[in-house]
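Visitor: Below is the sequence, then the predicted model.
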Amino acid sequence: MSIFRRENGPASSAASGGSSESPAASSSQKRRLTHIAPGTLVQGMISGPTELLIEGEVQGEIRVESLVMIGGDGAVEGRISAPVVRVGGRVVGDVRAGDRVEVAASGSLEGDISAPRVVIAEGAFFKGRVEMTGEKSREPRRAKGEGANQKTPAETGKT
């Protein structure tokens, strides 16, 4: 038994002649994450296919093809474009998401949001506009019982 090496890890199974990937390792390798650690400042554009966790500071545009999470101590100054954006820290810039934008109670977002679904938790700070995009109908919803056969007071001559 070793203190520094796992007995069932990739190194031990390769040494024993087995496969170098266990089922758990192969599934965890499918989920890739880029982490910007606390105390780190990144200036410029960030793009790529992996999930992004920001606990430091980013000054510039973010365009990724996966989840973007801004942690409680994270800060972004610039536009964000991703399928899903979760704001737990501070964002100053427009946010565009293909699926949804979530602003947690600890989050602060100053900028416009464009997404099919938007969740702003109680206690969160938000200053900007929200545009609900996507395949949803742009017509206002009718209350139950309202139909095309009902006439407005102006149409019936009653006021």
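Guide: Received, thanks.

Visitor: now the protein, which segments are flagged as low pLDDT?
Guide: 1-30, 135-159 (pLDDT under 70).

Visitor: Next, the contact list for the closest residue to Arg117 other than its chain neighbours, please.
Guide: Distances taken as C-beta to C-beta, 6 or more residues apart in numbering place Arg100 nearest to Arg117, at 3.8 Å, with adjacent residues excluded. Using the backbone N, CA and C atoms, a C-beta is placed for each residue, glycine as well. Counting by C-beta atoms under 8 Å, 6 or more residues apart in numbering, Arg100 touches 84-85, 115-119.

Visitor: On the three-state scheme, Arg100 is what?
Guide: strand (DSSP: H, G, I helix; E, B strand; the rest coil).

Visitor: in the sheet, who's paired with it?
Guide: Beta-bridge pairing for Arg100 (DSSP bridges): Val84, Arg117.

Visitor: what about it, distance to Gly56?
Guide: 24 Å (C-beta to C-beta, to the nearest Å).

Visitor: Can you flag the buried ones in the contacts of Arg100?
Guide: 84-85, 115, 118 (16 or more other C-beta atoms under 10 Å).

Visitor: Next, count neighbours for Leu67.
Guide: 18 (other C-beta atoms under 10 Å).

Visitor: now do Ile70
Guide: Using other C-beta under 10 Å: Ile70 sits among 29 other residues.

Visitor: Tell me who's in contact with it.
Guide: Ile70 touches 54, 76, 85-91, 107, counting by C-beta under 8 Å, 6+ apart.

Visitor: And Gly111, by the same measure?
Guide: Going by C-beta under 8 Å, 6+ apart, the list of residues near Gly111 reads 79, 91-95, 127-128.

Visitor: re the thing from before, greatest separation within the contacts of Arg100: which pair is it?
Guide: Val85 and Pro116 (12.4 Å; C-beta to C-beta).

Visitor: tell me, what's touching the two both at once?
Guide: 97, 100.

Visitor: Go ahead and confirm Gly78 touches Arg63.
Guide: No - judged on C-beta atoms under 8 Å, Gly78 makes no contact with Arg63 at a distance of 10.2 Å.

Visitor: Brilliant, that's me finished.
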